[in-house]
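> Turn this into a model:
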Amino acid sequence: MTQTELSPIPAQDLPAAGRLALAALLRGTAQTAPALAGTGWVTAEGRLDPEACCLFGADVGGTKVQSVLTDLDGRVLAETRDATPAAGGDAVLAVISGHLESLAAGRPVGAAGIGLPGALDPVTGVLDRAPNLHGLDGRPMPALFAERLALPVAVENDVNLAALGESWLGHGADAPRAGEAGLAFIALGTGIGMGLAFGDRLLRGAGGAAGEIACLPIGGDPHSARARSLGTLESVVAGQVLVEDYKARGGARDGTLRELSRAGVADPVLDETLSVLAERLALAVLSVGAVLDPALVVFGGGIGSRPEIVERVRSALDRLGTPVPELRISLLGNRAGAIGAVRAARLALAGALERT
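Down below sits the predicted model:
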């Protein structure tokens with residue numbers, strides 16, 4: 001039997017020195033741990049064996065819950081998705097725990113990461129600004145999920161986790177400066193949000209609302225009822241709002257903005273809508289650059305990941321003539337949030353080992 005075929009000793013059953021050595025491997029602060037030889041956690045060379053256990057990540061959105069099971073290096077082993085339950089609350093918890101059970105299929109899982117739309121207080125873990133998750137608002141998420149899943153759990157804002165995923169296995173992996181200067185992930189689809197990752201560190205803010213660029217006073221009236229509800233920027237760039245704008249300009253076709261822009265049909269009215277969208281997004285990127293100056297700005301989401309949208313934003317920024325961060329489209333696509341949740345799970349496992 002080879003080293004990688006050994007059934008690993010449960011992480012919590014390792015001696016104190018072994019738990020700390022494993023935590024260092026999981027965090028990447030150590031590359032080898034010869035002291036873990038014979039435990040099933042490392043290869044013959046003393047490096048972390050990615051197959052020693054699995055990690056679970058779930059990305060909860062307003063319309064779908066997407067979950068993945070991966071090895072310790074983030075390689076996807078299984079994946080599933082379901083519609084987000086309209087009832088919210090315990091129904092969402094049931095979907096996530098069901099995904100964990102079905103994806104794991106008896107394989108050992110070391111930790112879980114969960115991404116939620118809304119702001120999570122960095123100290124209490126209480127969820128706020130999550131109108132699409134009825135019954136979870138105002139509750140401490142890490143404790144709730146840890147009890148339900150019986151695992152070490154990390155719970156973060158969904159776009160923060162997209163930034164973390166992109167930093168780990170996306171564009172950040174080939175951009176060393178992003179770890180120091182930051183990688184901003186802008187998700188544009190049903191709404192708009194942003195996460196900022198410095199390697200494995202997330203910018204959360206005092207109340208967990210850092211990156212809520214939906215509230216930037218761009219493109220609309222910040223005193224209007226719609227802006228107060230959605231945020232000024234989101235009130236003019238959200239997917240349904242853009243379709244309404246297209247129709248108001250005389251657009252004749254039906255569908256979501258993503259469907260309209262992917263159709264490949266010449267449509268001058270749609271061009272007008274997209275040009276206005278690009279101008280507003282360019283101002284948002286300019287604002288982010290002025291305050292945070294990240295090394296990279298990565299676009300994702302159903303609308304943000306469209307190459308023609310990002311190209312229009314580049315052109316709008318060129319016309320403004322101000323130095324801006326490098327713009328890219330997410331390498332991880334619709335898995336960015338789930339992969340970020342897996343990275344958060346790996347760090348949560350390391351943290352649990354350090355505390356015991």
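> Tell me the buried residues in stretch 213-233?
Buried residues in stretch 213-233, counted by 16 or more other CB atoms under 10 Å: 213-216, 218-220, 227, 230-233. For glycine as for every other residue, the C-beta is placed from the backbone atoms N, C-alpha and C.
> Can you list which of these are found in helices?
Judged by DSSP state H, the buried residues of stretch 213-233 include 227, 230 as members of helices.
> In a markdown table, list the buried residues of stretch 213-233 along with pLDDT and distance to Thr190.
Shown next, in a markdown table, are the buried residues of stretch 213-233 (pLDDT from 0 to 100; distance: CB to CB, whole Å):
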| residue | pLDDT | distance to Thr190 |
| --- | --- | --- |
| Ile213 | 95 | 15 |
| Ala214 | 94 | 11 |
| Cys215 | 94 | 16 |
| Leu216 | 96 | 17 |
| Ile218 | 96 | 18 |
| Gly219 | 92 | 17 |
| Gly220 | 89 | 17 |
| Ala227 | 89 | 17 |
| Leu230 | 87 | 11 |
| Gly231 | 92 | 13 |
| Thr232 | 95 | 17 |
| Leu233 | 96 | 14 |
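> I'd like the buried residues of stretch 213-233 as JSON lines, with distance to Leu77 appended.
Formatted as JSON lines, the buried residues of stretch 213-233 follow (distance: CB to CB, whole Å):
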{"residue": "Ile213", "distance to Leu77": "34"}
{"residue": "Ala214", "distance to Leu77": "34"}
{"residue": "Cys215", "distance to Leu77": "38"}
{"residue": "Leu216", "distance to Leu77": "39"}
{"residue": "Ile218", "distance to Leu77": "42"}
{"residue": "Gly219", "distance to Leu77": "42"}
{"residue": "Gly220", "distance to Leu77": "44"}
{"residue": "Ala227", "distance to Leu77": "43"}
{"residue": "Leu230", "distance to Leu77": "38"}
{"residue": "Gly231", "distance to Leu77": "37"}
{"residue": "Thr232", "distance to Leu77": "42"}
{"residue": "Leu233", "distance to Leu77": "38"}
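> Just give me the closest of the buried residues of stretch 213-233 to Leu347.
Leu347 lies nearest to Ile213 out of the buried residues of stretch 213-233, by CB to CB, at 25.0 Å.
> so who does the closest one touch?
186, 192-194, 231, 233, 284, 287-288 (CB atoms under 8 Å, 6 or more residues apart in numbering).
> Centre of the chain to whatever helix or strand Val155 lives in, how far?
Applying DSSP states H and E as the criterion places Val155 in strand 153-157. Counting by CA atoms, centre = their mean, to the nearest Å, strand 153-157 is centred 10 Å from the centre of its parent chain.
> Which parts of the stretch 101-250 of the chain are strands?
109-116, 119-120, 127-128, 153-157, 183-188, 192-198, 201-202 (DSSP state E, counting those that start in this stretch).
> Kindly format the C-alpha coordinates of the strand holding Val155 as CSV.
Provided in CSV are the C-alpha atoms of strand 153-157 (Å, rounded to 0.1, in the frame of the first residue of the first chain):
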residue,chain,number,x,y,z
VAL,A,153,-17.8,26.1,8.3
ALA,A,154,-17.0,29.4,6.7
VAL,A,155,-19.9,31.7,5.6
GLU,A,156,-19.2,34.7,3.5
ASN,A,157,-20.9,37.1,1.1
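> Tell me the helices and strands packed up against that strand.
strand 109-116, strand 119-120, helix 141-149, helix 336-355 (3 or more CB pairs under 8 Å, 6 or more residues apart in numbering; DSSP states H and E).
> which stretches of the chain have low pLDDT?
Within the chain, the ranges that satisfy pLDDT under 70 run 1-7, 131-132.
> Please name the residues that touch the residue nearest to Leu203 when sequence neighbours are not counted.
Leaving aside its sequence neighbours, Leu203 sits nearest to Leu196 (CB to CB, 6 or more residues apart in numbering; 4.2 Å). Contact analysis of Leu196 by CB under 8 Å, 6+ apart lists 160, 163, 182-185, 202-203, 210-211, 292, 294.
> Look up how far Gly337 lies from the closest residue in space to Ala130 that isn't next to it in sequence.
Nearest residue to Ala130, sequence neighbours excluded (CB to CB, 6+ apart): Gly118, at 3.0 Å. Per CB to CB, to the nearest Å, Gly118 is found 13 Å from Gly337.
> Between these two, which has more neighbouring residues?
Gly337 (36 against 22; other CB atoms under 10 Å).
> how much space between that one and Ile218?
As for Gly337, its distance to Ile218 is 24 Å (criterion: CB to CB).
> Noted, bye for now.
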